[in-house]
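Colleague: predicted model, plus sequence, below.
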Amino acid sequence: MSTRRIWRLPAVLAAAVSLSAQSPVTYERLLNAGREPGNWLMYSNTYNGWRYSRLAQIDTGNVNRLKLKWVLQLRTQEKVETTPLVVDGIMYVTRPDNDIIALDAETGRALWTYEYRNPPKLYPCCGRVNRGVAILGNRLFMNTLDMHVVAVDARSGRELWRSQMFDYTAAGGYAATGAPLVVKDKVIVGMAGAEHGVRGFLDAYDAATGKLAWRFNTIPKQGEPNYTWLADSGERGGASTWNTGSYDPDLNTLYWGTGNPWPDTNGDVRLGDDLYSCSVIALDPDTGKLKWHFQFTPHDVHDWDSTQVPVLLDADFRGRRRKLLLWPNRNGFFYVLDRQTGEFLSAKAFVRQTWAKGFDDKGRPELIPGNEPTPEGNVDIWPGVDGGANWMAHSYSPLTGWLYTFAREEHRVYSKSEYRPPTIEDEVRGFHARPAFAPEDSFGKVLAIDPATGAIKWEHRVLTPPWSGVMATAGNLVFGGTLEGNVFALDARTGKQLWRFPGNGPVFAGPVSFLSHGRQHVSLAVGDILMTFSLDGE
Amino acid sequence: MTLLFPLAGAGCFALALTAVVSAQEVPAGVVVPRAAAAAQTNPFDTARDAELGRATFVTSGGCSYCHANDGTGGRGANLTLGEYRFGGSDLQLFETIRNGIPGSDMPPTGGPDEDIWRLVAFVKRLGSQGLSEKAPGDPAAGRIVFETKGGCKACHTVGPDGGILGPDLTRVGRRRSLQFLEESIVNPEADLPLNYRAVQVTTASGETVTGIRLNEDDISIQLRDRNGNLRAFLKDKVKQIRRDQPSLMPAYGSVLSKKEMEDLVAYLSSLRGTP
């Protein structure tokens, strides 16, 4: 589709987004979310995980006119990792500790606030964070830090049902922080806690009733196929599911990344591949049955979760049209898989790495000795413990045909931890990797990657390893933010920075774009303030 | 003599129910309950204690500055709903009053433990005014009035069912007295919650939309229209905003018989939800 045609789309849609009425977000609408560029209907905007906006009012020629239009003050000291949804002029934002705010996307004025009551003591590894809601019909779905799923009326903010996923005080403590994904009539919800000796799973709940439809345990039981753990170590082996997956309606397959095995940096007590940790699992969304899996990092000892958002792309690969799965992994390699079969196609490093000399034809890494954490601390392992990529959203642009990822080059210390059984009192932590950040050897970089070859087409460096997602748009722009709070727009074709705004707070979220009153807006949480930009602030 | 005093902040700017506030764990350095406060139940919970608590609430405690003399809130949370974000047990209420709410305008409160406990006794009664009364009517018959002749379900939710234009009544019998319930049916405007006030917006293009005001500033106004849709208007595109009929609820005094009214009140009083 040409840029010119896309430009016209907003005008046609203008009437539909003037907050005049909201029609329920049916599954049909979710399936065709790409045809509603004025809205942002799910975490990654569309099921394919692209986080790509088809809006093109803001483009490389006028982005220098982008101005702050309104802010939402979230008033929290926690990290704001939320991706807002926008439906027909209403934005739904979560703030840490599981509150939902519905607001007028034109002004930022609140319409209602839903306040979930979490217990004072919770067990998230890395802050009382939340990454957003999912929607189906007139219902919003959110998972909570104390391991519940709630359905909330999108019009009134009233709670419709609440289901417990798991006892949040079991093992060393469970939490749920990701944004759910709705597929058909089910709400797919992941969980966290692989730093605390939990056993991971992925759940599906009936959107109407809140009843558990299926649970996929990311670690098989002892004696089942693919149980690859020493003795009973898999029972507390982690493999959480704390970020959001993607879905292919044609293959009716759900793709979801899994987290690290526990204890994170001590593999002695869990010898074996530790399936399905650090993997992608391909599931039937109707039943939760496993179709295939691929493990990026067998027997991980570096906390290299594979909880990145799966990016689905149909493209030519080595002369053949294929259904691809693109995956810049925390372990520093950019993977391409066949998403129909799980077949390994290629892996290429996108950051400095010291641990793998290559891969066999099944994608199993050939390890380089000396890359194990040590009790005194190993400072020679790259990428650092937070990875070359982490949970932050990548973005794919069909205009350039490139995948954009905000990569991290970070020097860290890997310390091998002692093993202690997980208990809630002990608050056991599986990793002890002290930061050794120094500006001269650690930095961040936005990369444009050619999926077919893994070649890096351009690189935009920033001072500090980032935690922001990126979003490509049909205006040939790539938006993101730095840890210092610089919100930026890059030329998607060259990487040249065309616009920036000093937000002066750490960015831990991903940008979204939407229409309000027919005009394109871009929103991103900077510090604890959700900032919304538009051309000339209009 | 000043019996209690806010320990931090300029005055008693307490938490607004609709505001976005922080829910952090209590950080180090904030006053924690003293030994006597560790009791799980309130040792000062007689009617007399509650009355003394009320006196503190409206005078030296400074609570009413934000929560209003009758606890219905305004700048601070509405305490008559029986819902407490930071927990409704005696000890949780004690800790909230004693420590304040970090990240919000609710400051810690000094003074002896027994005065805090008496405030707890009063605040708890604010949120459970209906619990001690026994309605004379027939709740089963009242439910039929509610769902048929009254048409109440079109606008009110009980449990999972009902409309969203009016307040959720799932727990109304717990928090409201019989007298209040009847008055609300006969004269809905007598005590209208701030977040259920009706407005009528006429746009520059001539469209008129009636609904419940959800938010407003000098630039825009947001409401929920009669169909439950969320609507927002920029004021420079609005011709007129009318507020002369503050409640969308009709008065039922002449619609229901005395028996029907009694039964309806009994039904509403039976709606206790879960504690």
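Modeller: Nice, thanks for sending it over.

Colleague: and whatever residue of the stretch 51-200 of chain B ends up closest to chain A, what pLDDT?
Modeller: Nearest residue of the stretch 51-200 of chain B to chain A: B:Ile164, at 3.8 Å (C-beta to the nearest C-beta). Placement of C-beta: from N, CA and C, glycine included. Per-residue pLDDT puts B:Ile164 at 91.

Colleague: measure it to A:Val86 for me?
Modeller: Distance of B:Ile164 to A:Val86, given as C-beta to C-beta, to the nearest Å: 21 Å.

Colleague: more neighbours, these two?
Modeller: More neighbours surround A:Val86 than the other of B:Ile164 and A:Val86, with 25 against 19 (other C-beta atoms under 10 Å in any protein chain shown).

Colleague: now do the contacts for the more buried one.
Modeller: With contact set as C-beta atoms under 8 Å, 6 or more residues apart in numbering or on different chains, A:Val86 has these partners: A:Gly38, A:Asn39, A:Trp40, A:Tyr92, A:Ala105, A:Val512, A:Phe514.

Colleague: turn those into a markdown table, columns for distance to chain B and pLDDT.
Modeller: Shown next, in a markdown table, are the contacts of A:Val86 (distance: C-beta to the nearest C-beta, whole Å; pLDDT from 0 to 100):
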| residue | distance to chain B | pLDDT |
| --- | --- | --- |
| A:Gly38 | 15 | 98 |
| A:Asn39 | 14 | 98 |
| A:Trp40 | 16 | 98 |
| A:Tyr92 | 11 | 98 |
| A:Ala105 | 8 | 98 |
| A:Val512 | 19 | 98 |
| A:Phe514 | 14 | 98 |
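
Colleague: where does the prediction get shaky in the chain?
Modeller: Chain wasn't specified; assuming chain A. Across chain A, the ranges flagged by pLDDT under 70 are A:1-21, A:426-438.

Colleague: think we crossed wires, I meant chain B
Modeller: In chain B (pLDDT under 70), the answer is B:1-39, B:274-275.

Colleague: adjacent strands (with direction) for whichever strand or helix holds A:Leu490?
Modeller: Using DSSP states H and E, A:Leu490 maps to strand A:486-491. If you go by DSSP bridges, strand A:486-491 pairs up with strand A:477-481 (antiparallel), strand A:497-502 (antiparallel).

Colleague: one step back: farthest pair within the contacts of A:Val86?
Modeller: A:Gly38 and A:Tyr92 (15.1 Å; C-beta to C-beta).

Colleague: for chain A, what are the nearby residues on the stretch 151-275 of chain B?
Modeller: Residues of the stretch 151-275 of chain B lying close to chain A by C-beta under 8 Å from any C-beta of the partner chain are B:157, B:160, B:164, B:168, B:214-217, B:219-220, B:222, B:224, B:227-232, B:234.

Colleague: inside strands: which ones of those?
Modeller: Of these, the ones assigned to strands by DSSP state E are B:Thr157, B:Leu214, B:Asn215, B:Glu216, B:Ser220, B:Gln222, B:Arg224, B:Leu230, B:Arg231, B:Ala232, B:Leu234.

Colleague: of the residues you listed, select the buried ones using a ChimeraX command.
Modeller: Buried residues among those (16 or more other C-beta atoms under 10 Å in any protein chain shown), as a ChimeraX selection:
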select /B:157,214,215,220,222,224,230,231,232
